[in-house]
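# Coordinates only, no sequence provided:
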């Protein structure tokens with residue numbers, strides 16, 4: 001999956017897994033043992049202002065892993 005923004009990553013995975021933002025908020029609330037509001041999560045998705053650890057957490061909840069690989073054409 002080649003994407004540029006965190007909002008694209010989250011939106012694409014939610015679409016592929018047929019999981020709503022409301023359901024993701026519920027799952028995050030359970031994992032964190034703290035209420036995560038659907039409205040707040042929707043705003044974060046729209047703005048794309050996730051911290052790296054939040055992206056990792058959401059991906060794990062949805063059954064994905066984050067993998068950073070060095071680009072083979074990158075200049076050293």
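Happy to help now that I have it. Keep in mind the model is a prediction, meaning the values are calculated, not measured.
# switch to C-alpha atoms for all contacts and neighbour counts from now on
OK.
# So what touches the helix or strand of the chain with the lowest mean pLDDT?
Scoring the helices and strands of the chain by mean pLDDT, DSSP states H and E places helix 6-17 at the bottom, with a mean of 92. Residues from elsewhere that reach helix 6-17 (C-alpha atoms under 8 Å, 6 or more residues apart in numbering): 3, 20-21, 44-50, 55, 58-59, 62.
# buried subset of the residues you listed?
Among these, those buried by neighbour count (16 or more other C-alpha atoms under 10 Å) are 21, 45, 48, 50, 55, 58-59, 62.
# re earlier: how about the contacts of helix 6-17 in TSV, adding secondary structure?
As requested, the contacts of helix 6-17 are exported to TSV (DSSP: H, G, I helix; E, B strand; the rest coil):
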residue	secondary structure
3	coil
20	coil
21	helix
44	helix
45	helix
46	helix
47	helix
48	coil
49	coil
50	coil
55	helix
58	helix
59	helix
62	coil
